[in-house]
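**Student:** model this:
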Amino acid sequence: MFSFFKRKGKNDDTLKNDGLETAVSAGEVTGVEAEAGQEEVTTALSLHPSQAVSQEQMYVLRFLNNELPPLKRNQLSLSGIEWNEQPNGIAVSAFVRNTVERDITLGDVPLLLLNEKNELKARDTFMLKELGSLPADSSRPWTFLFPSASLNKQVELGKENWSIAFDLTSRKHKLELDEKWEKTLPDEQKENLKKIVEKLGDPAKNELNFTGLSAATLENGNLTISLLIRNGYDRNVNIEKLPLQLIDATGELVAQGQFNVGDFEVKANTTKPWTFVFPASMIQKENPDFSKWSVRVTK
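**Tutor:** Numbering: from 1, shown residues only. Okay, the predicted model is just below:
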């Protein structure tokens, strides 16, 4: 499970964490705001329920964990223990530390592997749900495998002073408003949209999805819907034509049509709201039930 057990043994002179520690505000990873504090917190060793270790191995883990410095309240950190080359990549052992005053379960999170010069050796996304529930004020050892395809072969990685870190730059999903919306939308509505985007969390990596905001039938018989267009790619997405079907709470088709939106751009890792109007000629159901509704993008 942890390769460093083979090398470190139970000799205090050889026990040490080879990597540096990188700590961030827990809210930057979870998306849930938590007030930062100056209180210093020590973290207790916590093993995943599936991890079985011997008494000697438990001694090693406790010793290494006790060597870690205190963290501030409401932080998450990654503290590198050791890395080793594998046939299919680089296996990195590290402590995942949580100083939020509650249990935390993480989702899919991109991580970076950096050398002592802070140069990027590898970047990959990990399903941190596999870590299980991290107890409050805990430190859980885990091994992350950066696959060969994620490695930068031009960067050398030494055995000391390297680090594993949360990739906040690519994971920070934000609201993006079109220039017209930015100028005309009241500040209160902008804040409401930001809160909705934060509550939804990040879309899946490399996914473009559409989340409904509002739907209403107008006096002239047209039907208007507002959507959140959510881009989970690490690149901008351009849309020229968008064929949509509108489905109501009964699962029936209400309206369908193709919208020519020109060169409509949704920037990387952003959510962009937009309004679409189905003319009466596209509407196929009268008196739809909009207590719950969705849209489908057709081919």
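**Student:** Quick check: the residue of the chain positioned farthest from its centre vs Ser77, distance?
**Tutor:** Among residues of the chain, the one most distant from the C-alpha centroid is Asn220; the distance is 42.7 Å, by Cα atoms, centre = their mean. Per Cβ to Cβ, to the nearest Å, Asn220 is found 57 Å from Ser77. For every residue, glycine as well, the C-beta is placed using N, CA and C.
**Student:** Over to Lys121?
**Tutor:** Relative to Ser77, Lys121 is positioned 19 Å away (Cβ to Cβ).
**Student:** and if you look at Arg230?
**Tutor:** Distance, Arg230 to Ser77, using Cβ to Cβ: 29 Å.
**Student:** which one's the longest strand in this protein?
**Tutor:** If you go by DSSP state E, the chain has its longest strand at strand 253-266.
**Student:** Would you mind pulling the contact partners of that one?
**Tutor:** 176, 208, 223, 229, 231, 236-248, 272, 274, 276, 278-279, 282-285, 288, 293, 298 (Cβ atoms under 8 Å, 6 or more residues apart in numbering).
**Student:** Please apply the same query to stretch 23-33.
**Tutor:** By Cβ under 8 Å, 6+ apart, stretch 23-33 touches 34, 36, 71-72, 74-77, 97-100, 104, 106, 109, 166, 168, 171-172, 198, 201-202.
**Student:** Show me the shaky parts of the stretch 101-250 of the chain.
**Tutor:** Counting by pLDDT under 70, the stretch 101-250 of the chain has low-confidence residues at 170-172.
**Student:** Can you verify my assumption that Ala215 contacts Thr224?
**Tutor:** Yes - the pair Ala215 / Thr224 is scored as a contact, 7.3 Å apart, by Cβ atoms under 8 Å.
**Student:** These two: who's more crowded?
**Tutor:** Neighbour count, other Cβ atoms under 10 Å: between Ala215 and Thr224, Ala215 has more, with 21 against 13.
**Student:** Could you confirm that one falls within a strand?
**Tutor:** Yes - applying DSSP: H, G, I helix; E, B strand; the rest coil, one finds Ala215 inside a strand.
**Student:** Which residues are in contact with it?
**Tutor:** Contacts for Ala215 were tallied using Cβ under 8 Å, 6+ apart; they are Leu223, Thr224, Ile225, Ser226, Leu246, Phe290, Trp293.
**Student:** Kindly recompute the last result at 10 Å.
**Tutor:** Shown in contact with Ala215 (Cβ atoms under 10 Å, 6 or more residues apart in numbering): 223-227, 246, 248, 254-255, 276, 278, 288, 290, 293-295.
**Student:** how long is stretch 179-192 from one end to the other?
**Tutor:** Terminal residues of stretch 179-192 lie 18 Å apart, using Cα to Cα, to the nearest Å.
**Student:** List the buried residues for that stretch?
**Tutor:** Within stretch 179-192, the residues that count as buried by 16 or more other Cβ atoms under 10 Å are Trp181.
**Student:** so where do the helices sit in the stretch 151-299 of the chain?
**Tutor:** Remark: helices assigned in the stretch 151-299 of the chain by DSSP state H, counting those that start in this stretch are 168-171, 179-184, 187-200.
**Student:** tell me the centre residue of the protein?
**Tutor:** Central residue of the chain (Cα atoms, centre = their mean): Val109, at 4.4 Å.
**Student:** Please name the spatially closest residue to that residue (chain neighbours excluded).
**Tutor:** The spatially closest residue to Val109, leaving aside those adjacent along the chain, is Leu128, at 5.0 Å (Cβ to Cβ, 6 or more residues apart in numbering).
**Student:** count of neighbours near the one you found?
**Tutor:** 21.
**Student:** List the residues that contact it.
**Tutor:** Listed by Cβ under 10 Å, 6+ apart, the contact partners of Leu128 are 29, 76, 96, 104-109, 111, 134, 142, 144, 166.
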